[in-house]
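*Asks:* pasted the sequence and its predicted model underneath.
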Amino acid sequence: MYGPLAIIVALAAPVGAYLVAARRFSGKIETSDAKDLWKEAASLRKWSMERIQQLEARIEALEKENQGLRGKLNA
């Protein structure tokens, strides 16, 4: 009825599909999707750190200004 080739193809197709899916969704950085996400995450971390430093400098300047104004009010 069915030849051995049909049985081999029937068994090989799901295994092949599994291997392709496992490689694509492995989460390794080498996969294109993961590599792009990793770069984006690194970029966001860099931007966040720079922004935090800017805001910390701004807070320090405002605290000094606030202290100066309080000194003038108390004088």
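*Replies:* All right, it came through fine. Keep in mind the model is a prediction, meaning the values are calculated, not measured.

*Asks:* list the contacts for the residue nearest the centre of the chain?
*Replies:* Geometric centre of the chain, nearest residue: residue 41, 3.1 Å, by CA atoms, centre = their mean. If you count contacts by CB atoms under 8 Å, 6 or more residues apart in numbering, residue 41 has none. Using the backbone N, CA and C atoms, a C-beta is placed for each residue, glycine as well.

*Asks:* quick one: pLDDT of residue 37?
*Replies:* For residue 37, the pLDDT comes out at 89.

*Asks:* tally of neighbours for it?
*Replies:* 13 (other CB atoms under 10 Å).

*Asks:* before we move on, what about residue 34?
*Replies:* Neighbour tally, residue 34, other CB under 10 Å: 15.

*Asks:* what strand or helix carries it?
*Replies:* helix 32-74 (DSSP states H and E).

*Asks:* chain center to that helix, what's the gap?
*Replies:* 20 Å (CA atoms, centre = their mean, to the nearest Å).
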